[in-house]
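> Structure here, sequence nowhere to be found:
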């Protein structure tokens with residue numbers, strides 16, 4: 001009976017990509033009211049909220 005061996009190659013120098021840090025939330029401040037929005041919020045909802053905050057002041 002003949003046995004067969006294979007080589008095992010191990011690499012320790014593999015570079016891992018770090019997790020990206022999430023963007024900070026967007027804050028709309030009008031007087032005592034602060035609205036925090038996800039940083040990925042598009043311009044249209046931001047404009048509508050800003051308009052509504054300014055209309056009440």
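Perfect, thanks for sending it. Predicted model only: the values in this text are computed from it and were never measured.

> shaky segments in this protein?
Counting by pLDDT under 70, the chain contains low-confidence ranges at 1-4, 14, 56-57.

> now the strands for it?
26-30, 33-37 (DSSP state E).

> ranges for the helices of this structure?
Per DSSP state H, the chain carries helices over the ranges 43-55.

> Centroid-nearest residue for it?
residue 22 (3.0 Å; C-alpha atoms, centre = their mean).

> Apart from its chain neighbours, what residue comes closest to that one?
Leaving aside its sequence neighbours, residue 22 sits nearest to residue 39 (C-beta to C-beta, 6 or more residues apart in numbering; 7.4 Å). Using the backbone N, CA and C atoms, a C-beta is placed for each residue, glycine as well.

> could you measure that neighbour against residue 52, distance?
Distance, residue 39 to residue 52, by C-beta to C-beta, to the nearest Å: 20 Å.

> Looking at those two, which one has more neighbours?
Counting neighbours by other C-beta atoms under 10 Å for residue 39 and for residue 52 shows that residue 52 has the greater number, 12 against 9.

> what separates the more buried one from residue 27, distance-wise?
From residue 52 to residue 27 the distance is 16 Å (C-beta to C-beta).

> And residue 8, by the same measure?
On the measure of C-beta to C-beta, residue 8 and residue 27 end up 54 Å apart.

> In terms of neighbours, single out the busier of these two.
A direct count of neighbours by other C-beta under 10 Å for residue 8 and residue 27 places residue 27 higher, at 9 against 5.

> Quick one: neighbours of the nearest residue to the more buried one once chain neighbours are set aside, just the number.
In this structure, residue 27 finds its nearest non-sequential neighbour in residue 36, 5.4 Å apart by C-beta to C-beta, 6+ apart. Look at residue 36: counted by other C-beta under 10 Å, it has 10 neighbours.
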